[in-house]
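[1] what's the 3D shape of this:
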Amino acid sequence: MIVVNVTMELGEENIAALRDALSEMEAASRAEEGCDDFTYSVELNNPDVIRITERWESMDALAAHFKAPHMAKVQAATQQHPPKSSYAYFYEATEVAPPGR
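    Numbering: from 1, shown residues only. Here you go, the predicted model:
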């Protein structure tokens, strides 16, 4: 499994301006083959920051996601409302049961 964690400092106004594009991206990504989860969230204690959490079955699925039309669309929208900072981390992970289960 591939886990992606992204943090973007956009500001509340940019987040509001991007809301529709991000919502479309979230729904389209979740429908992609190999996507186990794709979620945008706004930090409760810092509403200028969004986080993106993704889980993909493989690197091939993630690579296909980067080529999807909805990815290009959200990138274009984000260029019009650029983040102040952005960090992306990619992990190869194995799911494990929590202790006691």
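[2] Break down the chain into its strands, ranges please.
    2-9, 35-42, 49-56, 85-92 (DSSP state E).
[3] what about these, which gets the closest to residue 68?
    strand 35-42 (10.1 Å; Cβ to Cβ). All C-beta atoms are positioned from the backbone trio N, CA, C, and that covers glycine.
[4] Note down every partner strand of the closest one and its orientation.
    Note on strand 35-42: by DSSP bridges, its sheet partners are strand 49-56 (antiparallel).
[5] so what's residue 6 closest to, chain neighbours aside?
    Once flanking residues are discounted, residue 6 sits nearest to residue 52: 3.9 Å by Cβ to Cβ, 6 or more residues apart in numbering.
[6] Enumerate every residue touching that neighbour.
    4, 5, 6, 8, 38, 39, 40 (Cβ atoms under 8 Å, 6 or more residues apart in numbering).
[7] what sits opposite the spatially most central residue of the chain in the beta ladder?
    By Cα atoms, centre = their mean, the chain has its centre lying nearest to residue 52, at 3.4 Å. Counting by DSSP bridges, residue 52 forms beta bridges with residue 6, residue 40.
[8] where does residue 98 land on pLDDT?
    pLDDT recorded at residue 98 is 89.
[9] picking up where we left off before, want to try JSON lines for the contacts of residue 52, with neighbour count as columns?
    Putting those into JSON lines (neighbours: other Cβ atoms under 10 Å) gives the following:
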{"residue": "4", "neighbour count": "17"}
{"residue": "5", "neighbour count": "13"}
{"residue": "6", "neighbour count": "16"}
{"residue": "8", "neighbour count": "22"}
{"residue": "38", "neighbour count": "20"}
{"residue": "39", "neighbour count": "12"}
{"residue": "40", "neighbour count": "18"}
